[in-house]
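Asks: Give me a 3D structure for the following:
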Amino acid sequence: MAPSHKHVLLTSAAALVSALGITMLPTAAHADPAASPSTSASSADLVQQVQAMQENLNTVNEQYNDAKIKLADQNQASAAAAVKYAAAQQDVAAAKKGLGEVAAKAYTGGNSTAVSTLLTSSSPADLI
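Replies: Have a look, this model is predicted:
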C-alpha cells in the first residue's frame, strides 16, 4: 500500500526541520584582535553614538507629542465647526420656509408691497 499524501508531507516537513536544525547549530567564532581598533577608542565612539541617538530620539518624541496635541486641538475645532454648521443649516432651512410663506401670502393675497420690499431690501433689518 502506498503512503498517504498526509504522511509524505509530515515526513518531508520533519526532514526539513531536522536539516535546518543541524545547519543552525552555533559554531566557534574567530576574530583577529590585531585587525580591530582599540577597544577603548571604539567604546568611546559607541557611547557618543548612543548619546547622539538618544538626543535624536528625544527630539522626535517631542515632535510626536506636539503633533498629537495639535491633532487633538484640530479634532476639537472640527467638531465645534460641525455643530455650528448643523445649526446654520437649520437656520437656512427655517429662513427658506419663512421666505416661501411670505412669497405665497404675497402672491395669493395680492400684497405686492411685501414682495417689493422683500426683493429690494439690502439687509434683513429692512424687512422688519
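Asks: Got the confidence number for Ser40?
Replies: Ser40 carries a pLDDT value of 60.
Asks: Distance-wise, check Lys97 relative to Ala72.
Replies: 38 Å (CB to CB, to the nearest Å). Every C-beta, even on glycine, is put in place using the N, C-alpha and C of the backbone.
Asks: Break down the protein into its helices, ranges please.
Replies: For the chain, helices defined by DSSP state H occupy the ranges 5-23, 39-109, 112-120.
Asks: could those helices go into CSV alongside mean neighbour count?
Replies: Formatted as CSV, the helices of the chain follow (neighbours: other CB atoms under 10 Å):
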stretch, mean neighbour count
helix 5-23, 10
helix 39-109, 10
helix 112-120, 12
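Asks: Show me the shaky parts of this protein.
Replies: 1-5, 8-10, 13-41, 110-119, 125-128 (pLDDT under 70).
Asks: let's see it at 90
Replies: When residues are selected by pLDDT under 90, those of the chain lie in 1-44, 94-128.
Asks: From Ser12, how far off is Ala70?
Replies: You called it Ala, but residue 70 is Lys. 56 Å.
Asks: cool, Gln51 as well?
Replies: 51 Å.
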